[in-house]
Every structure is written in C-alpha cells, then in structure tokens.
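Asker: Pasting a predicted model and its sequence here:
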Amino acid sequence: MDAKQSSRRAFLGAGAFAGAALTACSAPDATPPEAATAPSLLGAPVRRYGERSPHETVARGVRDSQTPEAASSRTPLDETYGIITPSALHFERHHAGVPDIDPTAHKLLIHGLVERPMMFTLSDLKRMPSVSRVHFVECSGNSGGEWSAKGAPTVRLSHGLASCSEWTGVPLRVLLDEVGVKPEAKWLLAEGDDACRMQRSVMIEKALDDAIVAYGQNGEALRPEQGYPVRLVLPGWEGNTNVKWLRRIKLTEGPQFTKDETSKYTELMEDGEAWIFTFEMDAKSVITAPSGGHAIGGPGYHEVTGLAWSGRGKITSVEVSTDGGANWSEASLQQPVYSRAFTRFRLPWNWDGSECVLLSRCRDDTGYVQPTRQELIAQRGRYSAYHCNRIKGWRIAADGSVSNAEA
Amino acid sequence: MRKLSSGACMALIGLVTHPLLSQELGLGREVTAAEVRAWDITIGPGGDELPEGSGSAVEGSQIYEVRCKECHGELGVGGDHAALVGKPADLKKAPPIKTVGSYWPYATTLFDYTRRAMPFEEPGTLTDDQVYAVTAYVLYLNGIVGEDDVMDRDSLPKVEMPNRDGFVPDPRPKP
C-alpha cells in the first residue's frame, strides 16, 4: 500500500469515528448537518496585512487611569496559546506615553567610558550580526497584589504584566566591541526616547552576556508599545530595565541611582532597609486554565495548563496539585524549553465534580523552587511590593465556576 | 587567467570570512564631544554632570505653585499623584510611605528626574535655574535644606538625604 492509500484509509477511519460520535450524540430524527446543504460562497480576496477573525475579541486588560500615558495594560494569559504572546497582546507599562518615532531619523549613541563614542542608525544595526531568541519580559510589579492575603480574581489581573516574544537584534556585546569599552567601565546607563527619557543602570556583565539591542519582535518590527524602532532586551531581568525606544547607552564606573532604580523598583523590607538592583525575576508559574472567572462545565476530562518562567535559566519541572497541595503531579513541559522564556506546562485531569483547589509550583535549573506566600513574606516582609512569585491557587466550585482560592 | 583569479578569490574568502567576526564592522560613525554633551543629560550621584545655574526654595515655591502643585498637592502632600514630602519613620508604617524625604538616597536624582521628566505633561520645559529652585523647594519642604539655601552644581551633591544609607545590594543567593 502506498502512502496515498494509507492516508486515505486513515481519513476514512477518522470519518467513520466522527460519524459514530455524531450518531451517538444526535436524536434519531436529527436533520442533516447544515454544512452539508449550504451553498458554497466565494471567500475574501488576498490582502496585504492580515487581521484576526472578526469573531475574535480577546484584548489586553486596561484599567481606567487619570494618566493613561503612565499606566499599564495586561496580557490575557488565559486566552493565549503556547509560549509566544501575540505582539498586539504583549503587556504595556509606559511612564510618559508611547513616542511616535521616525525610524529613519532614530539614532543610538554609545559613549562614556569607551575608546570611540559612536552613533548608530537603525540601518547600521540591521547590517550587524544578529540573533533571534525567545524571552519573557515581566514587569517586576507583576503579581504585586498577590502579596496580600486576598490576591487577584483572574490570571490577567494577577499575572498579566508578563509576556513572551521572539526578539531579534544585535547582541549588545557586538556594539560594545565597536566602541571599545574601557576597563574601568563596570556599569552602563540605558536611556529611552520617550517623553520622560526613562533610564536604568545595568551591570556590564549582563551587557556582555546575553543583552540584545532588539528591532524585531515575533518576526516583524517591534510594536510602538514595545519600543519601536529599537529596545534593550535583558533576558530574565525585571521589565523596567529592558529600556524601550533606546536612544543612548553610557558606559560608567558605577550605577547612576536614577529615579526608577531608587524610588521605584527597589524592595523595602520591614526593618526599613531596601534591596536595590534586584534584577533577576525569580522562578514563577501560574495555571492559566482553568483560572479565575472561568466556568469549566461538568466533571470528566479537563486539561490543566499554564505558564512557568525563570529569570535565572530554564524551567526544569512544574508540579500541579488538584487537591490544595496534599498531592502533586509532574506536568509535561512543552519542548523545546528555552532559557528565560515562558514554558508551557500541561496536565491531563479527570475532575470528579467536587470542590477543589488547583496549584502549580515550578523549579528552575539553579534548583530554586517557587515559594508559597508565607515563605515569601518570611523572607521579604509584607511591603516589598515587587518581585512577587508566590504559588497561586484557583478554587473550582462544585458548579464548575473558578475563582481565586483565597478570596 | 580568469580561472586562477577566481581560485584566488575563493581562497581570500576562506581567509577573511572567519576573522571578520572579531574585527570592527565599520558601521556607525564616531561622534564629537560636543554631540555627546548635547545628548548626555544624566546626572549621577556625584553631581559631576550638573549644569550651571542655581535656585533657592524661595524661588522654587513660585514655580511649584504653577507647575507642580496641581498633581503633588499643597506643600508636597495630598495631591492625586506621588507625595513628595515625608520622614524616614514613614518607611516603618504599615503600609510604608515612600517619598523624597523618607526614601530617595540622592538629591542629584531629584534634579535629574525633575529636569528630564517633569512636569508630566510638559517634560523638559523647565530651565536649569527653575529645576535647581524647585529641587531646593522640595528639599526644603522635607526639612533637608533651609529656605534660603542656594542649590547649584557645588551645593546639591553635598546635600545629605535622610535615607542615604537605606539601601543594600540584592542579597539573594547567586546561582
């Protein structure tokens, strides 16, 4: 039997199965399916830039703000698939609005403790050796509400300030080679071209390791909200350091103690001392389905799925509990698992219809295990505000409705 | 002859392709010190980059009234946006209150941020003298400098912020 026959037989087999299923589910006098009798209609013509189906309405979560230019929007994690966040759904956090930048006029200046201060156009950057890598970006304020006992009611509210893209650009190391970094340069300052010229200090080790000066996101140019035409991507580091609309890099001996790395994005302990330059995002996971606000219908088969990520490397395991933490099962991880990237986990689950609590707990390749809220508070107090990576629970009620386990 | 030239060319490619990865790319252009000065607006904690100019709290109160008060409130508290005035003890309240007076470690940061990012809707529109003055006023409201103290490139870096030593580097274990 050749391949064609084999394929046809497989198709007939599938059809027979589908027919049997249909018969089993239908009333004996059911009319033929509509698709079999409706006339064929000529479809839409080709078009230059695709749009999603008009039936699809999933959108970022936006809360009313007096200053929508200095606000955030959240990725609907429970309505995205796999590990890549569609660019149009990537979370936003801006401090002075999204600038409208002409890519032909935009320049990147690199100066300070260098042999040759230089300016690069976008065309220069695109001619340089490039890399494409999958990495998450997470606002360090993500899950900030989860420090409280109550927590947020939906996964987009609790975890939606994180997204994952394939980023394309020039390794920052290549650019630093061009300007010649002086040995006394231990830090650099990265500055954006937004209205407030947002700036952060970065250790030179990170710049020389895996930092990317990115112009591409998910196969096309960066979206304006994500830093068009060029941004810094610091894999695994808190979102604010991934400076968007990148205009300037200054090599320095020490950090500059900018407003965003002192008054914001520092973690205040209960003794009044604050942690500063806490760059890596600790390992974190959350179940995205079923999650708060969902209704899962009746008992029987359900897939428990979610996302895990670590700013320090690869996710090595995710365990899921369907009984509030008494027992844990190893979820399967979508392959390949990338370092410092969203990792999709899945666990088949047969729900018996009784009330229960779902939890997920991840581990990364440094051996770090995601903590409970109590463990986190024991370490960092109640008011450190940022870098909350506690285990999150969802309660399934007997009617199949899903809510925050601690509400 | 043609064949030989082609072979030589192939050999040349073989020789230069790999070393190119570790050579300068010849892209971008070198810039002058004047160009760098025009772009480099960052003021570090040592204050070396601070511009000419000066201002005092008395002068700053006038500017604050017109350009800052609407968002930050009368006397730096009670506005719809960030409170600017407080004491170190505020950090031990539940929840803590982080302000210029209670939390910010360097006065130079206040100058830098005000100059680049304030007022919110018209960032970068204050003159350097105005930024010195409004910085002096916010420091005065926090009880850190006197009403007539003049802030300039020499005096501002010498201002001791109450929470100057309140920060420790990330103590989390490194992998």
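Answerer: All right, it came through fine.

Asker: how about the residues of the stretch 51-200 of chain A that lie near chain B?
Answerer: Within the stretch 51-200 of chain A, the positions near chain B by CB under 8 Å from any CB of the partner chain are A:66-67, A:70, A:95-96, A:109, A:111, A:116-121, A:124, A:127-129, A:174, A:177-178, A:189, A:191, A:195-199. (Each C-beta comes from the backbone N, C-alpha and C, glycine too.)

Asker: Among those, the buried ones, what's the PyMOL command?
Answerer: Here is the PyMOL command that selects the buried residues among those (16 or more other CB atoms under 10 Å in any protein chain shown):
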select buried, chain A and resi 70+95+96+109+111+117+118+119+120+121+124+128+174+178+189+191+195+196+197+198+199
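
Asker: Just the ones of the residues of the stretch 51-200 of chain A next to chain B in helices?
Answerer: Here DSSP state H is the test, and these give A:124, A:127, A:174, A:177, A:178 as lying in helices.

Asker: wait, is residue A:78 part of a helix?
Answerer: Yes. Under DSSP: H, G, I helix; E, B strand; the rest coil, residue A:78 sits within a helix.

Asker: end-to-end on stretch A:361-379?
Answerer: From its first residue to its last, stretch A:361-379 covers 18 Å (CA to CA, to the nearest Å).

Asker: Return the set of buried residues in it.
Answerer: Residues A:361, A:362, A:363, A:364, A:365, A:366, A:368, A:370, A:371, A:373, A:376, A:377 are the ones in stretch A:361-379 that count as buried (16+ other CB under 10 Å).

Asker: Specify which member of those is nearest to chain B.
Answerer: residue A:366 (3.7 Å; CB to the nearest CB).

Asker: who are the neighbours in contact with whichever residue of the stretch 101-250 of chain A sits closest to chain B?
Answerer: Using CB to the nearest CB, residue A:196 is the residue of the stretch 101-250 of chain A that sits closest to chain B, at 3.5 Å. Listed by CB atoms under 8 Å, 6 or more residues apart in numbering or on different chains, the contact set of residue A:196 reads A:95, A:96, B:116, B:117, B:123.

Asker: So the last one is in contact with residue B:113, correct?
Answerer: No. Shown here, residue B:123 and residue B:113 do not form a contact pair, counting by CB atoms under 8 Å, at 9.9 Å.

Asker: okay, now the domains of chain A?
Answerer: Domain ranges of chain A: A:66-271, A:284-404, per automatic domain parsing.

Asker: Which of those domains sits closest to residue B:90?
Answerer: Closest to residue B:90 of the domains of chain A is domain A:66-271 (CB to CB; 10.7 Å).

Asker: So residue A:293: helix, strand or coil?
Answerer: Under three-state DSSP, the three-state class of residue A:293 is coil.

Asker: That one reaches residue A:154, doesn't it?
Answerer: Yes. Checked against CB under 8 Å, the pair residue A:293 and residue A:154 is within contact range at 4.7 Å.

Asker: Give me the more crowded residue out of those two.
Answerer: Each of residue A:293 and residue A:154 has its neighbours counted (other CB atoms under 10 Å in any protein chain shown); residue A:154 has more, 21 against 16.

Asker: got a list of what that one touches?
Answerer: When contacts are counted by CB under 8 Å, 6+ apart, residue A:154 is found next to A:78, A:291, A:292, A:293, A:404.

Asker: Can you pick out the most distant pair from the residues you listed?
Answerer: Farthest pair in the contacts of residue A:154 (CB to CB) is A:78 and A:404. Separation: 13.1 Å.

Asker: Pick out whichever of the contacts of residue A:154 sits closest to chain B.
Answerer: residue A:404 (21.0 Å).

Asker: Check that closest one and give its pLDDT.
Answerer: Looking at residue A:404, its pLDDT stands at 97.

Asker: For it, name its beta-bridge partners.
Answerer: The partner list for residue A:404 in beta bridges (DSSP bridges) reads residue A:394.

Asker: So it versus residue A:74, what's the distance?
Answerer: 16 Å (CB to CB, to the nearest Å).

Asker: Residue A:295 too?
Answerer: Applying CB to CB to residue A:295 and residue A:74 gives a distance of 21 Å.

Asker: Tell me where chain A has helices.
Answerer: A:3-25, A:34-37, A:122-127, A:155-159, A:172-179, A:204-209, A:259-262, A:373-380.

Asker: Contacts only, for residue A:166.
Answerer: A:84, A:132, A:133, A:134, A:216, A:217, A:218, A:219.

Asker: count of neighbours near residue 73?
Answerer: I'll assume chain A. Close neighbours of residue A:73, defined as other CB under 10 Å, add up to 21.

Asker: try chain B instead
Answerer: 17.

Asker: Please spell out the segments of the chain that come in under the pLDDT threshold.
Answerer: I went with chain A, as the question did not name one. Applying pLDDT under 70 to chain A flags residues A:1-36.

Asker: hmm, I had chain B in mind actually
Answerer: Residues of chain B that meet the cut-off, pLDDT under 70, sit at B:1-23.

Asker: Break it down into its domains, please.
Answerer: With automatic domain parsing as the criterion, the domains of chain B are listed as B:3-39, B:54-158.

Asker: which of the ones you listed sits most buried?
Answerer: domain B:54-158 (a mean of 19; mean count of other CB atoms under 10 Å in any protein chain shown).

Asker: Ends of that domain, what's the gap?
Answerer: Domain B:54-158: ends 14 Å apart by CA to CA.

Asker: likewise stretch A:302-320?
Answerer: Termini of stretch A:302-320 sit 13 Å apart (CA to CA).

Asker: buried stuff in that stretch?
Answerer: The neighbour-count check on stretch A:302-320 (16+ other CB under 10 Å) flags A:302, A:304-320 as buried.

Asker: near chain B, from the residues you listed?
Answerer: Applying CB under 8 Å from any CB to the buried residues of stretch A:302-320, those adjacent to chain B are A:312, A:313.

Asker: wait, is residue B:58 part of a helix?
Answerer: Yes. Applying three-state DSSP, one finds residue B:58 inside a helix.

Asker: My guess is it contacts residue B:148. True?
Answerer: Yes. In this structure, residue B:58 is within contact of residue B:148 by CB under 8 Å, at 6.5 Å.

Asker: What segments of chain B are helices?
Answerer: When secondary structure is read from DSSP H, chain B shows helices at B:2-16, B:33-39, B:57-67, B:69-72, B:107-117, B:128-141.

Asker: Adding distance to residue B:161, write these out as TSV.
Answerer: Formatted as TSV, the helices of chain B follow (distance: least, CB to CB, whole Å):
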stretch	distance to residue B:161
helix B:2-16	56
helix B:33-39	28
helix B:57-67	16
helix B:69-72	18
helix B:107-117	6
helix B:128-141	9
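
Asker: closest to chain A out of those?
Answerer: Chain A lies closest to helix B:107-117 among the helices of chain B, at 3.5 Å (CB to the nearest CB).

Asker: tilt between that closest one and helix B:57-67?
Answerer: Here helix B:107-117 runs at an angle of 30 degrees relative to helix B:57-67 (axes from the mean of the first three to the mean of the last three CA atoms, to 10 degrees).

Asker: ok, and what's touching helix B:107-117?
Answerer: With CB under 8 Å, 6+ apart, helix B:107-117 has contacts from A:95-96, A:195-199, A:256-259, A:262-263, B:41-47, B:50, B:100, B:104, B:123-124, B:126, B:128, B:131-132, B:134-135, B:138-139, B:144, B:151, B:156-157, B:159, B:161.

Asker: what's the nearest residue to residue 72 if we skip its chain neighbours?
Answerer: You didn't say which chain, so I picked chain A. residue A:93 (4.4 Å; CB to CB, 6 or more residues apart in numbering or on different chains).

Asker: um, chain B though
Answerer: Among residues not flanking residue B:72 along the chain, residue B:79 sits closest, at 4.4 Å (CB to CB, 6+ apart).

Asker: was I right about that neighbour contacting residue B:99?
Answerer: No. Using CB under 8 Å, residue B:79 is not in contact with residue B:99; the gap is 11.8 Å.
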